[in-house]
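[1] From the sequence below, what's the structure:
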Amino acid sequence: MLSCPATLYATHMAPLLAPFFEHMKYRLELTWQPVVSGAAASVTTKALFSADCQAAAAIAARGGDEWFAQCYARAGLFVGDLDAVTAEAAVEKGRVEVTRAFCDMLQSCLALKGDWALVLAYQSKEEQAKKINMGPQSKPNPGGPINADGTPRTQAQSGLDARKKLRIEKLPHFLFLENEAIAGNLTLTLIQCMGYPDAYTCRRVTKICHRVLEVAAWAPHYANLLGNQMFTQAVKNIVLEPKWMVGIEWDVINVARDIYCRLVLGQYLQPGGQGPGLQQVALPYSPGEYEQAKSVDRPLQGGGILSKPSNLPRQVLASLPGINMEMIDEMEKLMKEKRGAKDQKDALRDLLRLASDNLSRGVDGTGSAAAGLFDRAVAEESLLHGQNRPAVQDLPEKLVTRSMIEKQRQPEEQPDGPPSLFA
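    Prediction:
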């Protein structure tokens, strides 16, 4: 059987890729740890100035984790005698850029953006065109067929797309299923990135998480990583309602929905967590298990499910304040009866809203949070409490525009003489 060149290359690169992903996990964790822990104002997050070089040299001479922790926390920057404000901005820029670049690289590898994504976009465009043009054919493009980005297709384009499509199918399998060191560090890094207070990073990580679920949700050894750690981080982002999450809540809820459907309910989704939950049949000879989806080895068509459901996502929800198993059972019943994407996400949101309310009352009795980076979103911003947003009232007086004023003045300023034909 012929192997994909990309897979052969990646296999030979495994001894180098495993340390790379291990180091990226270590680096990003140390880079964001002071910010996540609330110690961003400490000296360790400030860029290295000339006056601090002697102390830094002493720490570097000792080596060990202390030096790396301080180095990565300041984004590895030495700024000499630069002013403090510009230096702080440079550190923040370095922190977010290394994280965003890492996520953008993974998106390109998984055909979620870039050149490879155009191949899937063109394929989807062609499939949609075939469905639409079942009747009379539309006029052919006078310039010939075009790619998804509008560029003309060459004679060799089909062969190039076929090669890229093979790489698209094989590379995710290698990254998440063939090498335990690579898969473990990469998945844990994605889970960490979902919790970093940067909306750009979080939004892109949610797309990558869907691809991970499409590739590996069916594997029992992924149950703890996905059903416990990834699901916990997604739920935490929603329940705590930090301000930096405003605007991307639905993306995170959709990840939680994708996990719950595949690992608990026996449902798989369309690529990207889109569409309704496609329910699999329960096995008659093995109660509590589901028949595996036919697309289990085809992530680009939806992937598979965990045949023997995991109880870990249920335990995560049951650990939330004020949530019991009866509420979870009611939510699952609703998600099985109404499998539309909106219905299922609303069911999850309603349950998480109760936990959020109970948590906010339990913290300080008022629902307020400490000011700062992780300040809690107010009711007008919150997705969970969207129904509390005040209605926009009508303007209290008649709106008068400049054109209306000019129209009223026109008869008074009209000169004497015969009326104009164009009045």
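[2] Could you tell me the model confidence score at the closest residue to L334 other than its chain neighbours?
    Once flanking residues are discounted, L334 sits nearest to A347: 4.7 Å by CB to CB, 6 or more residues apart in numbering. C-beta coordinates here come from the backbone N, C-alpha and C atoms, glycine included. pLDDT, A347: 95.
[3] Name all residues that make contact with A347.
    A347 is in contact with M331, L334, M335, K338, counting by CB atoms under 8 Å, 6 or more residues apart in numbering.
[4] which stretches of the chain form strands?
    All strands of the chain, identified by DSSP state E, fall at 48-49, 78-80, 267-270, 274-279.
[5] Same list as before, these that is, but in TSV and with distance to I253 included.
    As requested, the strands of the chain are arranged in TSV below (distance: least, CB to CB, whole Å):
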stretch	distance to I253
strand 48-49	41
strand 78-80	40
strand 267-270	13
strand 274-279	14
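[6] looking at those, which is closest to G304?
    strand 267-270 (6.2 Å; CB to CB).
[7] Would you mind writing the CA trace of the closest one as CSV?
    Taking Å, rounded to 0.1, in the frame of the first residue of the first chain, the C-alpha atoms of strand 267-270 are listed here in CSV:
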residue,chain,number,x,y,z
GLN,A,267,-24.1,11.7,18.5
TYR,A,268,-21.6,13.0,15.9
LEU,A,269,-21.7,16.4,14.2
GLN,A,270,-20.7,17.8,10.8
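[8] Any chance you could list what contacts that strand?
    Contact with strand 267-270 is made by 217, 258, 261-262, 275-280, 293, 295, 302-305, 339, 341, as judged by CB under 8 Å, 6+ apart.
[9] just checking, which of those residues belong to helices?
    Of the contacts of strand 267-270, the ones assigned to helices by DSSP state H are D258, A341.
[10] G340 - how many residues pack around it?
    For G340, the neighbour count with other CB atoms under 10 Å is 12.
[11] ok, now which ones touch it?
    Taking CB under 8 Å, 6+ apart, we find G340 in contact with P276.
[12] likewise the one 5 residues further on?
    Going by CB under 8 Å, 6+ apart, K345 touches W250, I253, N254, R257.
[13] I'd like to know which of the residues you listed is nearest to V79.
    The closest of the contacts of K345 to V79 turns out to be W250 (CB to CB; 39.3 Å).
[14] any chance of the strands of the chain in a markdown table, plus mean neighbour count, mean pLDDT and distance to N358?
    Output for the strands of the chain, formatted as a markdown table (neighbours: other CB atoms under 10 Å; pLDDT from 0 to 100; distance: least, CB to CB, whole Å):
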| stretch | mean neighbour count | mean pLDDT | distance to N358 |
| --- | --- | --- | --- |
| strand 48-49 | 18 | 87 | 44 |
| strand 78-80 | 15 | 88 | 46 |
| strand 267-270 | 24 | 95 | 28 |
| strand 274-279 | 16 | 94 | 27 |
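[15] All set now, cheers.
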